[in-house]
Every structure is written in structure tokens, then in C-alpha cells.
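K.L.:
the following comprises the amino acid sequence and a computationally predicted model.
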Amino acid sequence: MATKRSPVSVPVDQVIEVMEFVEAQDELEQFIANNQDLYDELCRLAQERNTRLEAADKVVRAAGVSAGPFNKISESKKINAEKLYEEIGAEDFVKVGGYTETVTAYKVDRERFLSLVRASQVPQEIVEVVVKDTASYANIPRYVLP
């Protein structure tokens, strides 16, 4: 049911989108190989731009201003309620508008629940609603250009 299973692997040509991805990847790699000088210069320029972007962003944010493409959209005050509570105590915290909330989080002992499912002690219609099979895949990073 929700136990780990070995992944099923199929040949690349059985999944058209994967085959097209591999072809596009090969075409990109060939283009880079044929235009290495252009690619190296593009990478250098992109790195320089990104370095200067980070530096300018840091300075603009520290100054609290807008400049050129660095637009300050809004300003707000954040209040650290937990720190306020620690500083002034429970009674004064409430006097200045503080309050606490209880958040309910539902958790389940996965192994215990699944053993009950395997033992048919949980109705199948409930299992179908609450148990979902999920899969994890290796991440193939996007190719990003500025």
C-alpha cells in the first residue's frame, strides 16, 4: 500500500517527453561545445551582473530607498510578539494588545497506522481518502540564463 517500492525504469524512447528532453540537452551541449568562447563570455557577464546585483540590492535595502530598477514597494512594522511577552510579562502583554493562540496540528504514527491498514482494521473507504502514494524523483536543475 504505502510501503517503499523499487522504482520502475523504462527505456527513454518509451516516454516521448523524456526523449525530447534528452535531445534538447544534447543540442544545448553541442551548441556550447561549438561556441565555447561565446558561452564563456556570456557566463562571465552573467556572473558580473549577478555580483553587482547583490551588492546594489544590499546597499539599497540598507539605505531604505528606491534607486533605478530597485523599487521599494512597501514598508511595514513587524512586532516580535514572543520577545514582547518575554520583555514585559503576561499581564502587561495582554494590556498592550497581546494574545496567544492555540494551533491544532494533526499527526499520526505512520508505522502504527499502516500496520492497522495491513491488518484490515481501518475501513478501505477511509484508507482511500487519507492515504496517498507519493514518489520522489531526482532533481534535474533548470538551465538558467539571465
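P.N.:
Received, thanks.
K.L.:
so after the biggest helix by length in the chain, what's the next helix or strand?
P.N.:
Longest helix of the chain, by residue count under DSSP state H: helix 36-63. Using DSSP states H and E, the helix or strand that follows helix 36-63 towards the C-terminus is helix 81-95.
K.L.:
next helix or strand past that next one?
P.N.:
helix 110-118.
K.L.:
tell me how far that next one lies from the chain's centre.
P.N.:
Centre-to-centre, helix 110-118 and its host chain are 29 Å apart (CA atoms, centre = their mean, to the nearest Å).
K.L.:
list the buried ones in it?
P.N.:
If you call a residue buried by 16 or more other CB atoms under 10 Å, then helix 110-118 has these buried ones: 113-114, 117. C-beta coordinates here come from the backbone N, C-alpha and C atoms, glycine included.
K.L.:
can you check stretch 46-66 too?
P.N.:
Buried residues in stretch 46-66 (16+ other CB under 10 Å): V60.
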